[in-house]
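1. Got a predicted structure here, sequence first:
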Amino acid sequence: MNNTPNYVIAIDGYSSCGKSTFAKAIAALLQYIYIDTGAMYRAVTLYALNNKLITNGVANKEAVIEHLPKINVRFERETDGQVKTILNGEDVSETIRNLEVSKNVSAISAIKEVRQKMVELQRSMGKQKRVVLDGRDIGTVVFPDAEIKIFMTADPKVRAQRRYDELIAKNMPASFDEVYQNIIDRDHLDTTRAESPLTKADDAIVLDNTLLTPQEQVDWFLELVKSKG
């Protein structure tokens with residue numbers, strides 16, 4: 001698209017709704033920068049797991065806070081347009097998507113100091129606008145003045161099937177029942193946590209993609225942009 005406006009596009013919603021796929025697609029379409037905020041929290045979670053800061057699903061809050069200055073998360077764009085997640089100099093793009101990280105990311109995300117550090121990084125990345133960010137609190141906390149806010153949702157079983165198919169395609173061990181339970185657990189944790197819970201911004205537009213293909217979601221977005229212009 002040519003002559004695209006200088007927007008901040010905030011995409012929030014439940015886990016495994018395809019937020020990242022959707023965000024990447026519209027960022028490429030608009031020639032915007034895509035900031036994967038979920039990958040940032042997953043990278044911190046991976047660090048916590050590797051350094052034994054999580055025991056039986058419970059994060060050692062004090063230890064995580066103590067380690068925060070040692071955690072550096074950034075993104076690198078490759079020549080083919082793909083974006084890599086770099087944790088302390090290591091490409092962790094694939095590792096952060098495993099089920100163990102998925103099981104523990106909500107516990108790490110609930111820590112106030114972790115969210116404060118990630119929000120600071122996100123705001124710094126997005127201050128020049130022309131960015132697409134997806135996560136849980138982008139339109140409510142990180143960029144409450146974003147020009148476009150979208151809240152994504154889908155049937156939990158459909159989300160679980162998508163996530164299960166993704167793991168199997170990457171040769172990662174998984175069972176559908178376990179993935180489905182993880183979806184339910186994360187929904188509960190994300191919506192009930194004390195620090196920046198998942199909520200729909202009052203001015204966000206809902207995209208229920210239960211029955212929509214990725215291309216149909218992009219078409220929906222194009223109509224949305226036209227209606228604003």
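-> In hand now; what should we look at? Numbering: from 1, shown residues only.

2. The worst-scoring helix or strand of the chain on mean pLDDT packs against which elements?
-> Lowest by mean pLDDT, DSSP states H and E among the helices and strands of the chain is strand 73-77, with a mean of 84. Under the contact definition 3 or more Cβ pairs under 8 Å, 6 or more residues apart in numbering; DSSP states H and E, strand 73-77 sits against helix 37-50, strand 83-87. C-beta: built from backbone N, CA, C; applies to glycine.

3. so that strand versus strand 83-87, what angle?
-> Comparing the axes of strand 73-77 and strand 83-87 via axes from the mean of the first three to the mean of the last three Cα atoms, to 10 degrees yields an angle of 150 degrees.

4. Return the set of buried residues in strand 73-77.
-> Neighbour-count burial for strand 73-77, counted by 16 or more other Cβ atoms under 10 Å, picks out 73, 75.

5. Identify the residues contacting that strand?
-> Contact partners of strand 73-77, identified using Cβ atoms under 8 Å, 6 or more residues apart in numbering, comprise 35-36, 39-40, 43-44, 83-87, 91, 118, 121.

6. which residues touch residue 145?
-> Applying Cβ under 8 Å, 6+ apart, the residues contacting residue 145 are residue 8.

7. Spatially central, which residue of the chain would that be?
-> Centroid check for the chain by Cα atoms, centre = their mean gives residue 38 as the closest residue, at 2.9 Å.

8. What sits closest to that residue if chain neighbours are left out?
-> Leaving aside its sequence neighbours, residue 38 sits nearest to residue 135 (Cβ to Cβ, 6 or more residues apart in numbering; 5.6 Å).

9. which residues in the protein form strands?
-> In the chain, the segments counted as strands under DSSP state E are 8-13, 33-36, 54-55, 58-59, 73-77, 83-87, 90-91, 131-135, 148-153, 205-208.

10. Include distance to residue 111 when you put these into TSV, please.
-> TSV is the format used below for the strands of the chain (distance: least, Cβ to Cβ, whole Å):
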stretch	distance to residue 111
strand 8-13	19
strand 33-36	19
strand 54-55	11
strand 58-59	7
strand 73-77	15
strand 83-87	17
strand 90-91	22
strand 131-135	15
strand 148-153	24
strand 205-208	29
